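K.L.:
what's the 3D shape of this:
(2 chains)
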Amino acid sequence: MNTEIVIFAVLFLLVSGMGFVAARWRRADDLASLHEWGLGGRSFGSWITWFLVGGDLYTAYTFVAVPALLFSAGATGFFAVPYTVVVYPLVFLVMIRLWSVSHVHGLVTPADFVRARFGSPTLALLVAITGIVATMPYIALQLVGIEAVLKTMGVKGDLPLIIAFAILAAYTYQSGLRAPALIAFVKDILIYVVILVAVIYIPSRLGGWEAIFGKAQAKFDATPAPGDGTLLNANNQLQYVTLALGSALALFLYPHSVTGVLASKSRDVIKRNMSALPAYSLLLGLIALLGYMAIAAGVKPIGTDVNTVVPQLFDTMFPDWFAGVAFAAVGIGALVPAAIMSIAAANLFTRNIYREYIRPDATDAQEASVSKITSLVVKVGAVLFILLIDPQFSIDLQLIGGVIILQTLPSVALGLFGRWFHRAGLIAGWIAGMGSGLLMLYNIANPANKHAHFGGSAFPLEKLGLDTKMTIYAGFLALAVNLVVAVLGTFLARAFKMAEGQDATRPEDYVADRGDPRVHDLEVAGSS
Amino acid sequence: MAAPRSDRSPWNWLLLIPIAIPLIPALFNAVEPRLFGIPLFYWLQLAFILLGVATTTLVYRMTRSGR
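P.N.:
Reported below is the predicted structural model:
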């Protein structure tokens, strides 16, 4: 046994122990309801929310994949920084409204809100299915992070991965949202320490920043690919900007982000977090630069798996014991979002499929137990994804996930500000956006890994007959199609006098805050 | 009963600044001037994080409840 593996295993088990103890933390009278198991009792203050949402949005996969993007393509990979800068001011006013209306009506998922707002179970079902489908590959990708670390440590076979996920599944089942909230503390401290050490120590060994960027530019100059380099070129700037903006619009539509936000105890907690969460963006920006450090250090990925460059860099640069700590940080970093995502997907299934279509009279206890079992099923599914299918396929699916979750924006985000759209228009828009988005992704080839389809998210505008080499983020274009169809559909539906769904919410529900008598109303049936 | 609560505030318009600025590549797509050897493209975009934090903090303080 080498030092790396021992340190990794000790930290990993320690954190798993915390996951089981979490059930007793800030103890509720009983965990047998979705509000308790699935939203931690909705009582998290500023600090816990910061760790929880931070651990949820900035995942292990991000920490491994973003530097890998810079390693292979250069500047375009840095989109993650503007993306995580613009997201907070963008959703600042949106999430507080969602918090208020959810607390007045006892809503747990974005689909619950759509159900209440537009009175359309069909639209809610579409939003729920979109959420589940978009989240599944995201969970699978967290395993890619752990896998990259295990590969670097020389651990062979699938068993360690299965064990890691079995532990995760067990304590999520036991403790619900409290487990990732508690583990997020440890994970973040580890990641901050590792990254601060990395960005000070590694450049000093590689001859400083100027040398690192010089070597990166030299590498990109030597490749035939036209799109890479340490700066953007005329053809990928539009892609860079639309990808950053599109990803920012999509982020808080993901059910797991909503779960983190709804678990906080007041509107002020959310606002304060929107100004404090960018601390993680700084961390992410520094982590992204690890990709260039890897180039300068002459690191080679294991096989064709570029995701191993960061673990490989740590392995060459750090003493064994510290590399072990770094690997544990990535491994544990994968557990937090995986737990929250599986809880969010399970909540969607329970609330918007099980209770809507299978057992309308389910009690709170039944809902919680269905959610717990679904969260297990979701995780088993994620493990199967990684074991049976090429990991590259999960990455493709994750790409698709971003594009499809964006198609719920008109119903969820715009729905929070008004009810101009007709539910039939929204359904038509969803279908059009989904169809055009998938069609575009299908037609994107990636010569680098020889994929003829689903090769990335940069859609060449020349395929639309435009005389240009510029590319644009496919999700952005699909959202535009969605919105146009939703507007036209709304006019048509009104012209034909189709029935409007009933709106169960009132304008004052969207500004209700903690202390407001209605906010304590957590009656689960409140949304119908 | 006080006046109906509302999320409207002129301070909210400030939020447009950190949304728009980071999405204009002409501002940062260059190597010079460097900072500690880091090209403009990288350090300026990292600096935009501070712009975002400053703006959202200001808007939060000016619009928080219980004032």
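K.L.:
Checking residue 11 next. Helix, strand or coil?
P.N.:
Going with chain A. helix (DSSP: H, G, I helix; E, B strand; the rest coil).
K.L.:
could you do chain B instead?
P.N.:
Of the three states, B:Trp11 takes helix according to three-state DSSP.
K.L.:
Next up, the contacts around it.
P.N.:
Contact analysis of B:Trp11 by CB atoms under 8 Å, 6 or more residues apart in numbering or on different chains lists B:58-59, B:62-63. C-beta coordinates here come from the backbone N, C-alpha and C atoms, glycine included.
K.L.:
Skipping adjacent residues, who's closest to it in space?
P.N.:
B:Met62 (4.3 Å; CB to CB, 6 or more residues apart in numbering or on different chains).
K.L.:
cool, and A:Ser72?
P.N.:
In this structure, A:Ser72 finds its nearest non-sequential neighbour in A:Val306, 5.4 Å apart by CB to CB, 6+ apart.
K.L.:
Provide the count of other residues in contact range of that neighbour.
P.N.:
22 (other CB atoms under 10 Å in any protein chain shown).
K.L.:
do you know how far it is from chain B?
P.N.:
Distance, A:Val306 to chain B, by CB to the nearest CB, to the nearest Å: 20 Å.
K.L.:
thinking again about what came up before, just to confirm, which helix or strand has the residue nearest to B:Trp11 in it?
P.N.:
In the assignment (DSSP states H and E), B:Met62 maps to helix B:40-63.
K.L.:
Can you tell me which residues in the stretch 401-528 of chain A are near chain B?
P.N.:
Neighbours of chain B within the stretch 401-528 of chain A, by CB under 8 Å from any CB of the partner chain: A:508, A:510-513.
K.L.:
Include secondary structure when you put those residues into JSON lines, please.
P.N.:
As requested, these are exported to JSON lines (three-state DSSP):
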{"residue": "A:Glu508", "secondary structure": "helix"}
{"residue": "A:Tyr510", "secondary structure": "helix"}
{"residue": "A:Val511", "secondary structure": "helix"}
{"residue": "A:Ala512", "secondary structure": "coil"}
{"residue": "A:Asp513", "secondary structure": "coil"}
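K.L.:
Pull out the buried residues from these.
P.N.:
A:510-513 (16 or more other CB atoms under 10 Å in any protein chain shown).
K.L.:
Show me which of these is closest to chain B.
P.N.:
If you rank those by distance to chain B using CB to the nearest CB, A:Val511 comes first, at 4.5 Å.
K.L.:
quick one: that closest one and A:Val519 touch, right?
P.N.:
No: with contacts counted by CB atoms under 8 Å, A:Val511 stays clear of A:Val519, the gap being 11.0 Å.
K.L.:
Need the residues touching each of these two.
P.N.:
Common neighbours of A:Val511 and A:Val519 (CB under 8 Å, 6+ apart) are A:Ser100.
K.L.:
one step back: pull the distance from the helix holding B:Met62 to the chain's centre.
P.N.:
4 Å (CA atoms, centre = their mean, to the nearest Å).
K.L.:
rewinding a little: against chain A, how distant is the residue nearest to B:Trp11?
P.N.:
In terms of CB to the nearest CB, B:Met62 sits 11 Å off from chain A.
K.L.:
List the contacts of the residue nearest the centre of chain A.
P.N.:
Closest to where the C-alpha atoms of chain A average out (CA atoms, centre = their mean) is A:Leu57, at 5.3 Å. A:Leu57 makes contact with A:84, A:251, A:257, A:260, A:277, A:280, A:337, according to CB under 8 Å, 6+ apart.
K.L.:
What number of residues are in the vicinity of the last one?
P.N.:
The burial metric for A:Pro337, expressed as a neighbour count using other CB under 10 Å, is 27.
K.L.:
Not including adjacent chain positions, what is the nearest residue to it?
P.N.:
Closest to A:Pro337 by CB to CB, 6+ apart is A:Thr59, at 4.1 Å.
K.L.:
Equivalent analysis for A:Ser281, please.
P.N.:
A:Thr84 (3.9 Å).
K.L.:
Shouldn't the one you found be within a strand?
P.N.:
No: going by three-state DSSP, the assignment for A:Thr84 is helix, not a strand.
K.L.:
which regions of chain B sit below the pLDDT cut-off?
P.N.:
In the predicted model of chain B, residues B:1-5, B:65-67 satisfy pLDDT under 70.
K.L.:
same thing but at 80, please
P.N.:
Applying pLDDT under 80 to chain B flags the ranges B:1-7, B:64-67.
K.L.:
who in it is up against chain A?
P.N.:
Residues of chain B lying near chain A (CB under 8 Å from any CB): B:4-7, B:12, B:15-19, B:22-25, B:29-31, B:34, B:36-39, B:41-42, B:45-46, B:48-49, B:51-53, B:55-57, B:59-60, B:63-65.
K.L.:
After the lowest-mean-pLDDT helix or strand in chain A, which helix or strand is next? Please name it.
P.N.:
One helix or strand of chain A scores below all others by mean pLDDT, DSSP states H and E: helix A:34-37, with a mean of 64. Sequence-wise, the next helix or strand downstream of helix A:34-37 (DSSP H and E) is helix A:46-57.
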